[in-house]
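K.L.:
fold the following.
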Amino acid sequence: MLERNVETFIGCDSDYPDAGVVLFGAPFDSTTSFRPGARFGPAAIRHESFGLETYSPYQNKDLTDHCVFDSGDMELCFGSAEKALEDIEKRAAKILADGKIPFLIGGEHLVTLGSVRAVFKKYPGLHIIHFDAHADLRDDYLGAKLSHACVIRRCHGLVGDGRIHQFCIRSGDRTEFEFAREHTDFHPFSFEGLEECVENLKRSGAPVYLTVDLDCLDPSVFPGTGTPEAGGVGFNDLLGAIVRVCGANIVAADVNELAPMLDASGASTAVACKVVRELVLALCGD
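P.N.:
Residues are numbered from 1 along each chain as shown. I've put the predicted structure just below:
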């Protein structure tokens, strides 16, 4: 059984056996290609969450009415991306085996692959909904196939064509956009098409993994990230999209790519905290 972290995300201090959703942090950014610092994201989100209320006026829900467990940050190997991913996969697999929803907080976006590997083994019919500024579909980045620039390509290698649904993408090289148009359900620049996508997934009952790279937000809203990209969505747009997606059969989720020291104002961390709160509550249901 996992033990509760000393400092938990606000309102997420239930006992492990009672919890339906389990948080765990992956403080890893060893493949970051521009500005490092995402390894400090999970701890910052947890610490700064106490600037929030447990109650969400957006959803009329309160974290204290649900059982959520925070197992804290993992200790990951910075010298080996594969070893870090193996450890993340083991933690997610443990949570899944205990009948709970794993909620991963990154860290750079590569950490998603470890969690997806575990979820895919339990749910081979898995679909992935991906919110991001970047396609993350490179086959390799400077020769490395394990990179935050390649994470969705590696996930595609697991789930195959038509089962990755990408939204808000506004950056990538030409080959990534060509690959997306041929192999993924691709919705660049916005959340247009999300409602139809979710309805189709609900009708099918397919298991869904939601991955939220916070740089899908415009950098005027969220500057504290390693690779900011102008032209993103707004905060309320993202919250609405998260609640809509959680109407589907979400079996696991993650939020990633906050680099708190890149925004000295603390505003980006505050945004990330609120996104995490809203996603946790949406996962908890009514």
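
K.L.:
what's the neighbour count on Glu77?
P.N.:
Just to correct that, residue 77 is Cys rather than Glu. Other residues lying near Cys77 total 14 when counted by other Cβ atoms under 10 Å. In short, each C-beta sits where N, CA and C put it, glycine included.

K.L.:
could you look up the SS state of it?
P.N.:
At Cys77 the chain is in coil, as set by DSSP: H, G, I helix; E, B strand; the rest coil.

K.L.:
my guess is it contacts Leu85, does it?
P.N.:
No - in this structure Cys77 lies outside contact range of Leu85 using Cβ atoms under 8 Å: 9.7 Å.

K.L.:
pLDDT weak spots in the stretch 1-150 of the chain?
P.N.:
For the stretch 1-150 of the chain, the stretches flagged by pLDDT under 70 are 1, 4-5.

K.L.:
ranges for the helices of it?
P.N.:
Along the stretch 1-150 of the chain, the stretches classed as helices by DSSP state H, counting those that start in this stretch are 41-48, 81-97, 111-122.

K.L.:
make CSV out of those and add distance to Asp65 and mean neighbour count.
P.N.:
CSV is the format used below for the helices of the stretch 1-150 of the chain (distance: least, Cβ to Cβ, whole Å; neighbours: other Cβ atoms under 10 Å):
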stretch, distance to Asp65, mean neighbour count
helix 41-48, 20, 23
helix 81-97, 21, 19
helix 111-122, 26, 24
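
K.L.:
just put those in JSON lines and tack on distance to Tyr55.
P.N.:
Formatted as JSON lines, the helices of the stretch 1-150 of the chain follow (distance: least, Cβ to Cβ, whole Å):
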{"stretch": "helix 41-48", "distance to Tyr55": "17"}
{"stretch": "helix 81-97", "distance to Tyr55": "26"}
{"stretch": "helix 111-122", "distance to Tyr55": "28"}
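
K.L.:
out of these, nearest to Glu196?
P.N.:
Closest to Glu196 of the helices of the stretch 1-150 of the chain is helix 111-122 (Cβ to Cβ; 23.5 Å).
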